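In: Build me a model:
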Amino acid sequence: GSAGADTASAFVFVGFGDDLPIARFEDMLQFLRFFARPARLQALRQAPEEERPAAWATFMRETDSIPVTAVNEDLRAYFARLARANARFREDGVAGWQSDRGKVFIVLGEPDQILEPSFTDLSRTRQQVWEYRDRAIQLQFFDQTGAGRWLLTQASESRFEVELRRQ
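Out: Predicted structure coming up:
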């Protein structure tokens, strides 16, 4: 055997779709923030660069609910929802997946029903109520300016946070 070992290194690019360009490791971790628990993402973030491939492999294994297949179906479904959120919920200067409606869609999926109550007050604030029957919750969004910037009400934001922690 030789005293020195031959080594080679290569950068591995993981793509999640044409509309989700990922240039940096940190970008990927941002995209994953509604997919995995903060501690799991922190383990990836803190992994030294040379250990990131092994950390990523561990992450993929631990988040795969059907490990006998070659694909992490949960991650694939998550990124499909993220791409749909980008297409459907883009707001002025905010990517769809980062909007309140986008993050709810990514985490909870398509609501069973979307209600848009008619204006009943003088403020003319538009409202949407997303109903998830299997979870027995309703989340309320409002667009105070009429410019299409939909925000969760404070109570709905708190309820969403509970659901996010349950994931």
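In: Which strands or helices does the helix or strand of the chain with the lowest mean pLDDT pack on?
Out: Comparing every helix and strand of the chain by mean pLDDT, DSSP states H and E singles out helix 25-31 as the least confident one, with a mean of 87. Applying 3 or more Cβ pairs under 8 Å, 6 or more residues apart in numbering; DSSP states H and E, we find helix 25-31 packed against helix 38-46. Placement of C-beta: from N, CA and C, glycine included.
In: Please identify the buried residues of the helix it packs on?
Out: Judged by neighbour count (16 or more other Cβ atoms under 10 Å), helix 38-46 contains these buried residues: 41, 44.
In: do stretch 64-84 as well
Out: Quick answer for stretch 64-84 (16+ other Cβ under 10 Å): 64, 72, 75, 78, 79, 81, 82, 83, 84.
In: Can I get those residues in JSON lines including secondary structure?
Out: Shown next, in JSON lines, are the buried residues of stretch 64-84 (DSSP: H, G, I helix; E, B strand; the rest coil):
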{"residue": "64", "secondary structure": "coil"}
{"residue": "72", "secondary structure": "coil"}
{"residue": "75", "secondary structure": "helix"}
{"residue": "78", "secondary structure": "helix"}
{"residue": "79", "secondary structure": "helix"}
{"residue": "81", "secondary structure": "helix"}
{"residue": "82", "secondary structure": "helix"}
{"residue": "83", "secondary structure": "helix"}
{"residue": "84", "secondary structure": "helix"}
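In: Farthest pair within those?
Out: 64 and 84 (21.6 Å; Cβ to Cβ).
In: Which parts of the chain are helices?
Out: Assigned by DSSP state H, the helices in the chain fall at 25-31, 38-46, 52-62, 73-88, 100-108, 154-166.
In: weakest of those by average pLDDT?
Out: Ranked on mean pLDDT, the bottom entry among the helices of the chain is helix 25-31, at a mean of 87.
In: Spit out the contact partners of the residue nearest in space to the middle of the chain.
Out: For the chain, the residue nearest the mean C-alpha position is residue 34 (3.9 Å; Cα atoms, centre = their mean). When contacts are counted by Cβ atoms under 8 Å, 6 or more residues apart in numbering, residue 34 touches 78, 103, 106, 107, 164, 167.
In: Closest to residue 113 out of those residues?
Out: residue 107 (17.6 Å).
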